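Student: Predicted model and sequence follow; I will ask about them next.
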Amino acid sequence: MHLTAETPGTGGPAETTRSGMGDYRTPDKNDKRFDMGHSPRILVCEHDEALRIQLARKLESAGFWVDTAGNARQALRQLECHSFDAMTLSLLLADQDSITFLHDLSVLGVELPILVTSMRTERATTLPTRLAAQLDVDLELDDDGTEPEWVRKAADQARIIFAIKTACQRSRSYQPRILHIEPDAFNAGLVNAALNRNCTIEHVSGVERLPDALCAGPFDVILLNPSMDQEQSHSALQQVSWAFPGVPIVLQSQYAFTPNGNDIHPIDNDTGSIGLGLIEALRQRVLYNMDVPDVAHA
């Protein structure tokens, strides 16, 4: 396995990070590389078979050429045999956590745009019941039958905290540099308190402060809250994709499929599906990376 990365027209190595963060170009959504002449090839790695099939179909309907894998081992075989423009990766896999897998790919020299996601088919309401049983507490549901907001927030952060801690425990020398884009002080505090001994965390509370934070890179992982205001989440994605096109982004909200929806949106218990759409995020990542480009193949 090796990485092909050349600057078009020069034959030389391409830049994988970019300076001058204040000026970044927004890719054209009508870019000809997304027409019928080119379908970006995406690898979907999702341990849940039903979700894997559903996500693959959704991406295919959006114009992507999709291959799938059920675990990290299968995904690695796919990466050894084929070239891909991008990859979606389940946060928790059957055979290892996603952060360890990302570290393994980095050691192997594989660089391609990766979105790490948490998916579910519908808005389940079983989380409070499970937590109440484990913690021996009585959780009062909201009026609509959903879990309290603090429970949802804690659960969203617990997934990435678990994955990163597991990766650091498996490799004592692995201390990732993390860019954490999170306007919610509660969420940011949970992540920092749990991980500050394992990682170097650069926290950004707002998009307006992001250009300065990008200059503190490079980073190994970017944590992004996709449930921010839609304009802010898109701006954050564009800036980090321009600065670090090959750095994996963890989308720190669960995504849910909605009937007849054109995209897949993060779950928000108060206002419905809002924020950064998964398909749009993947499209932006592919387009920014094509400007480098970096393609992983054998």
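Tutor: Nice, I can see it.
Student: List the buried residues of the top helix by length along the chain.
Tutor: Among all segments of the chain classified by DSSP state H, the helix with the greatest residue count is helix 149-170. Applying a neighbour-count criterion of 16 or more other Cβ atoms under 10 Å, one finds 151-157, 159-161, 163-165, 167-168 buried in helix 149-170. Every C-beta, even on glycine, is put in place using the N, C-alpha and C of the backbone.
Student: pLDDT-wise, what's the bottom of those?
Tutor: Sorting these by pLDDT puts residue 152 at the bottom of the list (67).
Student: Could you pull out the helices in the stretch 101-250 of the chain for me?
Tutor: Under the criterion DSSP state H, counting those that start in this stretch, helices of the stretch 101-250 of the chain are mapped to 127-135, 149-170, 185-195, 210-214, 230-243.
Student: Output those as JSON lines; include the columns distance to residue 49.
Tutor: Supplementary listing: the helices of the stretch 101-250 of the chain in JSON lines, determined by distance: least, Cβ to Cβ, whole Å:
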{"stretch": "helix 127-135", "distance to residue 49": "22"}
{"stretch": "helix 149-170", "distance to residue 49": "20"}
{"stretch": "helix 185-195", "distance to residue 49": "30"}
{"stretch": "helix 210-214", "distance to residue 49": "37"}
{"stretch": "helix 230-243", "distance to residue 49": "29"}
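Student: which stretch among the ones you listed comes nearest residue 203?
Tutor: Using Cβ to Cβ as the measure, helix 185-195 is the one of the helices of the stretch 101-250 of the chain that comes nearest residue 203, at 5.5 Å.
Student: For residue 95, the count of nearby residues, please.
Tutor: Counted with other Cβ atoms under 10 Å, the burial measure for residue 95 works out to 13 neighbours.
Student: What of the one 3 residues further on?
Tutor: Burial of residue 98, expressed as a neighbour count using other Cβ under 10 Å, amounts to 27.
Student: swap in residue 275?
Tutor: A total of 23 residues lie near residue 275 under the criterion other Cβ under 10 Å.
Student: Could you pull up the contacting residues of it?
Tutor: Neighbouring residues of residue 275 by Cβ atoms under 8 Å, 6 or more residues apart in numbering: 226-230, 233, 253, 265-266, 268.
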